[in-house]
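Fold the following and give me the result.
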Amino acid sequence: MSPRFERTGAMGAPADVPVSPPVSAGGLDYVPHLSLIIPAYNEAERLGSRLASLISYLESRPYTTELLVISDGSTDATRLVVESAFAGIDHEGPLRAWCIEYFPNGGKGRAVRTGVMASRGMHVAFTDADLSTPIEEVDRALSVLTTLDGAGTRIVIGSRAVAGARVGQRQPMFRQLSARLFNILRDGITGVHTLRDTQCGLKVFDGVVARAIFTQQVIDGFMFDVETVYIAQRLGLVIYELGVTWDDVPDSRVKLSSALRLLPDLFRIRRTHWRLRPADAPALLRAFATVAQ
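Next up, the predicted model:
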């Protein structure tokens, strides 16, 4: 069966993000072990060289996966490149895949939120299109999440700043300094003091937790990562920071060269979610528990 592709909106016209999961090759009752989301904006060149190896890896896993590439208002051939790569997938096997595309470009946060709200997996992960964190690290994060679930861990985030991290190609010095300034501003405004690296692209969740958190989110840009962990911490959810392998990609779309311009989003995150409490978590989680049953 061929993969499913969905488009919403038209070039230059506003479009709401789709919030209903598309019908996969497995049908409405299909619940994969993992939903892997890759946000993409004008990534035809980089995705074209990476999707084949990514698909091969996911097809070799001992669990079922749905792969969702979210084309965030791309104006290049991103959707066509993804469609071509997905055409060779055996959708009777362990991997299902499709692309969701909408216009206009809304930001990385909006793209990831679209993917999470369309997901069906028992676990949900997202990572960057440049694969600066190797895809193999998803398995490590899943293993940690499964092992520590009994201790209450519901989220594992990749980190370049804790024990076990292996950073190959490092960022230029000006970006490292900007990242340090950003951490100071982030901690001072939101109080996310216990986490060393909120901006690494890899994050893995219990599926119910991911959908509950992302339904609360309002940030469309890069600060959605901070919003994610801020909401989780306000709800009393346990986050594990996992040291991962990571290499800087020179053409990375994440620019922290002007940390001060991120201040409005940081204040908005605190203003929007500071009232959340651990007592709110059970009701939020129950609302999405049926997806994973």
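
now the helices for the chain?
Here the chain has its helices, by DSSP state H, at 44-48, 51-59, 78-86, 108-118, 136-148, 173-190, 207-214, 224-234, 263-273, 281-289.

by contact count, what packs against the last one?
Put plainly, it is helix 281-289. The helices and strands touching helix 281-289, judged by 3 or more C-beta pairs under 8 Å, 6 or more residues apart in numbering; DSSP states H and E, are helix 207-214. Using the backbone N, CA and C atoms, a C-beta is placed for each residue, glycine as well.

okay, the angle between the helix it packs on and helix 224-234?
The directions of helix 207-214 and helix 224-234 differ by 110 degrees, with axes from the mean of the first three to the mean of the last three C-alpha atoms, to 10 degrees as the criterion.

and residue 112, how far is that from residue 178?
Distance from residue 112 to residue 178, counting by C-beta to C-beta, to the nearest Å: 22 Å.

Those two - which one has more neighbours?
Taking other C-beta atoms under 10 Å, residue 112 and residue 178 do not tie; residue 112 has more neighbours (27 against 19).

So what pairs up with the residue nearest the centre of the chain in the strands?
For the chain, the residue sitting closest to the mean C-alpha position, by C-alpha atoms, centre = their mean, is residue 126 at 2.9 Å. Residues in a beta bridge with residue 126, per DSSP bridges, are residue 37, residue 203.

close enough to count as contact, it and residue 37?
Yes. The pair residue 126 and residue 37 qualifies as a contact (C-beta atoms under 8 Å) at a distance of 4.1 Å.

what touches both of the two?
112, 115-116 (C-beta atoms under 8 Å, 6 or more residues apart in numbering).

thought residue 97 was touching residue 55?
Yes. Under the contact definition of C-beta under 8 Å, residue 97 touches residue 55, with a separation of 7.3 Å.

Just give me the neighbour total for residue 180.
12.

Now for residue 283, how many residues are close by?
Other residues lying near residue 283 total 9 when counted by other C-beta under 10 Å.

quick one, what contacts the closest residue to residue 214 other than its chain neighbours?
Excluding the flanking residues, the one nearest residue 214 by C-beta to C-beta, 6 or more residues apart in numbering is residue 116, at 4.2 Å. For residue 116, the contact set (C-beta under 8 Å, 6+ apart) comprises 35, 37, 124, 126, 210-211, 214.

separation between residue 116 and residue 212?
Using C-beta to C-beta, residue 116 is found at 10 Å from residue 212.

got it, and residue 232?
Using C-beta to C-beta, residue 232 is found at 10 Å from residue 212.

Kindly report the same for residue 268.
20 Å.

what about those two, which has more around it?
Using other C-beta under 10 Å as the criterion, residue 268 and residue 212 rank with residue 212 on top: 26 against 14.

hang on, isn't the more buried one packed against residue 282?
No. Residue 212 is beyond contact range of residue 282, at 10.2 Å (criterion: C-beta under 8 Å).

Show me whatever sits in contact with both of residue 97 and residue 55.
Contacts common to residue 97 and residue 55, judged by C-beta under 8 Å, 6+ apart, are 67, 86, 89.

Quick check: phi and psi at residue 218.
The phi/psi pair for residue 218 (degrees, to the nearest 10) reads phi -130, psi -10.

Nearest spatial neighbour of it, chain-adjacent residues omitted?
residue 272 (5.6 Å).

same thing with residue 196?
Setting aside the residues directly before and after it, residue 196 is nearest to residue 161 in space (C-beta to C-beta, 6+ apart), at 3.8 Å.
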